[in-house]
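In: prediction below, plus the sequence it came from.
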Amino acid sequence: MEKITSEFGKGFVYNLILFAKHFENRIWRIEGGEDYSLWFNGASDHLYELKIPKQWENTEIGTKAKQLQDLALEIGHGSRMMESGCKAEFVEVIKLTKEIGFLIDKELGIEPVKGDYE
């Protein structure tokens, strides 16, 4: 049987995790004013095949996931690719990713608690 693969992953939670793994590459330098467009270019690849589950398509989870996907891909590969900066957007995608994680936990019946050291 032939192995089916995707270059940057295909899924929902799995792809969010792959995307979030890239945060470490920049987060320690967030105070700097350097260009984040290259970071968005690499990290957003994992959002090409982000699949929002049908049960969450018209919910807060689905809306935030689509917002995350659109913003990151627009900066990483779209019309805003050549812009420098993007620090505010970098902070926004971190915030959106955490919010999605919180909402998924709540949907699963777990009451998440924000960590002091996130």
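Out: Thanks, I have it.
In: next SSE downstream of the lowest-mean-pLDDT helix or strand in the chain?
Out: In the chain, no helix or strand scores lower on mean pLDDT, DSSP states H and E than helix 24-27, which sits at a mean of 67. Per DSSP states H and E, the first helix or strand lying C-terminal to helix 24-27 is helix 37-43.
In: now do that following helix: distance to the chain's middle.
Out: Here helix 37-43 shows a centroid-to-chain-centroid distance of 11 Å under the convention CA atoms, centre = their mean, to the nearest Å.
In: repeat for stretch 101-111
Out: 17 Å.
In: check stretch 108-118 too.
Out: On CA atoms, centre = their mean, the centre of stretch 108-118 falls 18 Å from that of its chain.
In: swap in stretch 51-63?
Out: 15 Å.
In: go on, stretch 94-103?
Out: On CA atoms, centre = their mean, the centre of stretch 94-103 falls 9 Å from that of its chain.
In: Three-state assignment for Ser6, please.
Out: Three-state call for Ser6 (DSSP: H, G, I helix; E, B strand; the rest coil): coil.
In: isn't it up against Leu50?
Out: No. Shown here, Ser6 and Leu50 do not form a contact pair, counting by CB atoms under 8 Å, at 11.1 Å. Quick note: C-beta positions are derived from backbone N, CA and C, even for glycine.
In: any idea which helix is longest in this protein?
Out: For the chain, the longest helix by residue count, based on DSSP state H, is helix 87-107.
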